[in-house]
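Peer 1: Provide a 3D model corresponding to the input given below.
(2 chains)
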Amino acid sequence: MPALLTLSLFLAATPLKLWHAYRGGEEQALQELSKQFSAETGNPVELLAVPYDAFSAKLTSTIPHGAGPDVFIFAHERLRQFQRLDVVAPSQLDRAEYLEAAVDALEVDGRHFGYPLALKCLAMYRNTALLDRPVESTAELFERLKPFVVPAQNRFALAYESGDFFYHAPIYFGFGGKLFDEGTGRSTMNTPEMAASFRFIRSLQERGTMPQEVSGALVKSLFNDRKTPLVISGPWFAGEIDPTLSYAVDPLPVIAETGLPMRSFLGVEASFVSSRTAHPQEADALARFISTHFQKRVELGRQIPAVRDLPDDPFIAAFATAARTATPTPNTLEMARVWEPMKLALRAVLQGTASPNSAGAVADRRYRALNRDAPAAANPVPWLLGLGLALAVAITVLWRGRSRERYPDLKRAITYVAPGAAGTLLLVIVPLLAGISLSFFHHEGGHYRFVGLANFADILASRGYSVTEPLSFYFTLAVTVLWTAANVVLHVSIGLGMALLLKSPLLRLRGVYRMLLIVPWAVPSYITANIWKTLFHRQFGAVNGLLIWLGIEPISWFTRWATAFAANVATNTWLGFPFMMVVALGALQSIPPDLYEAAEVDGASKWAQFRHITLPLLKPALLPAVILGTVWTFNMFNVIYLVSGGEPGGATDILVSEAYRWAFQRNEQYGFAAAYSVLIFVVLIAWSRLTRRMAAAEGAT
Amino acid sequence: MKARTVLLHVSVSVLCFVTLYPVLWVVKMALSLDAGASPSPSPLPTHVTLQHFVDVIGNTDLQGRWLFGRQLFASLFISSISTLIGVSLAVTAAYAISRFRFPGKELGLQALLLTQMFPATLMLVAIYELLQKLGLLDTWTGLVLVYSTTSLPFCIWMLKGYFDALPKELEEAALMDGASQSQVFFKVVLPLSRPMLAVTALFSFMNAWNEYILAATLLNDESRFTLPVALQRYVGEYKTEWGHFAAGALIISVPVMALFFALQKNLVGGLTAGGVKG
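Peer 2: So this is what the prediction gives:
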């Protein structure tokens, strides 16, 4: 009995850790619920709000190390992945309590995980002041809603994120399409229904019924500015709507051609119990408590609970109705592979670079290429022997070849270098070697299998693609080289030019200008890169605004390779020139002014001074910056990912963004991504050898 | 002469405007209550509100702890210490590489450059495992260690290049005058290398200041988060709170701007020009 008492005291002292990515009302509701749980059970709860971006990676790295939460909240789409990485514990769901679709969504191989919290699906928001009755059929979009379409005033009949497959899926299903073959479980995108759905959205865009290149932010501002009466979105959109606007939520309309209703994907958010929790019972109780106590979540967070007995609320009822006809997004690995090819196909159709009839085939092909079969396992023993032998040879050669010269400063050199070298060795070199060794493995569901050079063979043989196509290693390499060259030339010339301008003795308020020019470097690039993307928007971007003002045809920037590439380069030049400018400003200081004075006396022109004094003396300080700048640009991921996103059709992707996609968007093929990284590494090593040779040759002449 | 001055000022102003235009958009987003991708090319906000700044700065948790303040402190602390450690390690190593002969020097220098060539994302898993073995998960120490070492290769390279360009005669003269080796390093070399020290310090600081993935993975307590992690909270699964995100990004840029302002005398002040006569 005393033992039990101390146990319960101990439990009361260690709070249950609950991790989530909620914000606003949803977070508030969760806070109140955990307080209530603590009050009722005596178990304190500690909440941690994690950025959504980092949430999944944080869960999969902390939980296996026992450093994670007891309970966490996540959407069901990742469930299978979590289950394979063994981070979730099974749950005892009461089927009778929840909607059937929600229970199904949380099932993996006959077992259930987590407790459903909220449903995320799509419905139609209608501005009731503009439109008094719901749109029941898509035919009405072209007829009844025609008066709303005024392209000159940026007015549309409908807005939704048309480039995202989550939003396109209802249309595809409405045309009678199926995503997966029931026999093989594989996806087929090259279907007549897909072509029909593509034709439909293309006509929506061509007739001006909906805008081009739609982002979430654009949908929001069009609806709030009363420039569109209809929006397709989920429950989360309610919080974005101007409070003075009166609206209703209607079911998605019927596709006129087929007579079938549009059916949304259904996401189920659930509270999962960690597989490594120290308090399984308490954690399970907490997860269940949050799931069954939905009042607060409905009231504050406007969540659509997954229970059968719904509260009486028109908004909740509307979405619950939509959820009943929705299809749970499959939690399979196959589904995870569908998003990327579909997104690219959708964009190609909307931008007019692919015909609705052929885009499905392109998507299909990409899906198959991404759907890499696991390479055969290899025997690591000969490799280890080979590695040992190579090491032995290398050491012997180094030892034999060691120079016989004496090092008078050796002791001092060691004291100067050792601390830095030790830190670098431990925290830079060791992780680097670990990264390299990953490239010889195949990663699937938390397990690594040694496959020898199979990853490299696949990449270099460009399996699934011809050499001249985007997505083949060689094409991407060519783009990367071009990208690097263009950027470095622009960075150095603009940076140096600015530095020289700022050095001019005629310039007043120099400090102010310097501060202003440094700003792009100071503001975090993940936000400015997003701004640049909006500047290049086809309909609303400032760059096209400027072109129109100059009397030039506006450009659809991301539909052609050259313009998309130019947009990327412009963004990165803007981001990168201040660094070169600062380095050049620093280096210009090391040039003694009397050299110029002497040149002036000798009657040398400004250009001659620049050519014969400034450039040669800047070189030693600028060269490291240029070499490093090249390496960084080669691996500059943010800009490509955020601005062009690889469009059109992955053609502006560079090697590192391709590696990223393999690692994080294509079922965590870490081994394959590491092989890409090793190839990047090899290319850069070859490049640095070449420049060293060239520098040496130049020094010799 | 006058015309040239005017031309110079006009061109620099135009360049500044082009440079600032995208940033003005960030400002507009931060100051407008409802600024999505507003279909107007003007970067000036239509109605100004400071609500987003108030929300970001006033961020407090359930226990009434002022999260923003704590996170600001965490960021400042981690970034400053990382910079201090990183730059001190770099300056000694770079000096040795530039001035002394020792075995493995060329190899080491090449290896440093090589480390910059491997995409960082794939090293994260290994770094996490390492810190776990060292018992440094969920600590600032772990972050400081990683930040100060990851910026080392850059700093060493830059400083080495700068030292190579510095004439050795000054150090030799000081030695002749009876100064000790360490006196030469501290009294002659360090003051002369201020411009490049400023550049590397700025770089190390920003490297630590803006890093977010590792900090988000490592830290498990909201009051000990760094600011970029807190900022990323405004980017959700279904929607992004652009106003808050922009306001936060501007706030995050302030210390970097301040640092640049503080260091700019050293960056371009011309203090060294008198000492270095080739």
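Peer 1: near chain B, which residues of the stretch 301-450 of chain A?
Peer 2: Within reach of chain B by Cβ under 8 Å from any Cβ of the partner chain, the stretch 301-450 of chain A has these residues: A:402-403, A:405, A:407-410, A:412-414, A:416-417, A:419-421, A:423-424, A:426-432, A:434-436, A:438. In this view, the C-beta of every residue, glycine as well, is placed from N, C-alpha and C.
Peer 1: what stretches of the chain score poorly on pLDDT?
Peer 2: Looking at chain A here, since you left the chain open. For chain A, the stretches with pLDDT under 70 are A:1-13, A:402-405, A:698-701.
Peer 1: Oops, wrong one, chain B.
Peer 2: Scanning chain B for pLDDT under 70 picks out B:1, B:34-41, B:267-278.
Peer 1: Name the nearest residue to A:N635, ignoring sequence neighbours.
Peer 2: A:V656 (4.6 Å; Cβ to Cβ, 6 or more residues apart in numbering or on different chains).
Peer 1: which residues touch that neighbour?
Peer 2: Contacts here follow Cβ atoms under 8 Å, 6 or more residues apart in numbering or on different chains; on that basis A:V656 touches A:480, A:634-637, A:640, A:676-677, A:680, B:119.
Peer 1: if we go to 7 Å?
Peer 2: A:V656 makes contact with A:635, A:637, A:680, B:119, according to Cβ atoms under 7 Å, 6 or more residues apart in numbering or on different chains.
Peer 1: got those as CSV, with neighbour count columns?
Peer 2: Converted to CSV, the contacts of A:V656 look like this (neighbours: other Cβ atoms under 10 Å in any protein chain shown):
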residue, neighbour count
A:N635, 24
A:F637, 16
A:I680, 23
B:P119, 23
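Peer 1: Now intersect those residues with the helices, please.
Peer 2: Here DSSP state H is the test, and these give A:I680 as lying in helices.
Peer 1: Closest one to A:S61 out of the contacts of A:V656, please.
Peer 2: Distance to A:S61 across the contacts of A:V656 (Cβ to Cβ) is lowest for B:P119, with 17.8 Å.
Peer 1: Please name the residues that touch that closest one.
Peer 2: Counting by Cβ under 7 Å, 6+ apart, B:P119 has contacts A:635, A:656, A:659, A:677, A:680.
Peer 1: Give me the distance between the residue lying closest to the fourth one once chain neighbours are set aside and A:A562.
Peer 2: I take that to be A:S677. Closest residue in space to A:S677, ignoring its immediate chain neighbours: B:P119 at 4.7 Å, by Cβ to Cβ, 6+ apart. Going from B:P119 to A:A562 by Cβ to Cβ, to the nearest Å gives 26 Å.
Peer 1: coming back round to it: farthest-apart pair in the contacts of A:V656, please.
Peer 2: A:F637 and A:I680 (11.2 Å).
Peer 1: The contacts of A:V656 into JSON lines, with extra columns for distance to A:G603?
Peer 2: Output for those, formatted as JSON lines (distance: Cβ to Cβ, whole Å):
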{"residue": "A:N635", "distance to A:G603": "47"}
{"residue": "A:F637", "distance to A:G603": "50"}
{"residue": "A:I680", "distance to A:G603": "50"}
{"residue": "B:P119", "distance to A:G603": "52"}
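Peer 1: Can you name the residue of the stretch 201-350 of chain A nearest chain B?
Peer 2: Per Cβ to the nearest Cβ, the residue of the stretch 201-350 of chain A with the smallest distance to chain B is A:A217, at 3.2 Å.
Peer 1: any idea how far the residue nearest in space to the middle of chain B lies from B:L109?
Peer 2: Taking Cα atoms, centre = their mean, the centroid of chain B lies closest to B:M206, which sits 1.5 Å from it. Applying Cβ to Cβ, the value for B:M206 to B:L109 is 24 Å.
Peer 1: And for A:S203?
Peer 2: Separation of A:S203 from B:L109 (Cβ to Cβ): 61 Å.
Peer 1: same check, this time on A:R155
Peer 2: Distance of A:R155 to B:L109, given as Cβ to Cβ: 62 Å.
Peer 1: which other residues reach stretch B:216-233?
Peer 2: Under the criterion Cβ under 7 Å, 6+ apart, residues A:23, A:48-51, A:53-54, A:57-58, A:61, A:524, B:61, B:65, B:67, B:70-72, B:74-75, B:78, B:128, B:131, B:137-138, B:142-143, B:210-212, B:215, B:245, B:248-249, B:252 lie in contact with stretch B:216-233.
Peer 1: now do stretch A:131-151
Peer 2: Applying Cβ under 7 Å, 6+ apart, the contact partners of stretch A:131-151 are A:124, A:126, A:155-158, A:207-209, A:229-230, A:250, A:253-256.
Peer 1: neighbour-wise, which of A:S203 and B:L109 wins?
Peer 2: Between A:S203 and B:L109, counted using other Cβ atoms under 10 Å in any protein chain shown, the more crowded position is B:L109 (17 against 13).
Peer 1: Report the buried residues of stretch A:129-149.
Peer 2: Within stretch A:129-149, the residues that qualify as buried by neighbour count (16 or more other Cβ atoms under 10 Å in any protein chain shown) are A:130-131, A:135, A:138, A:140-141, A:145, A:148-149.
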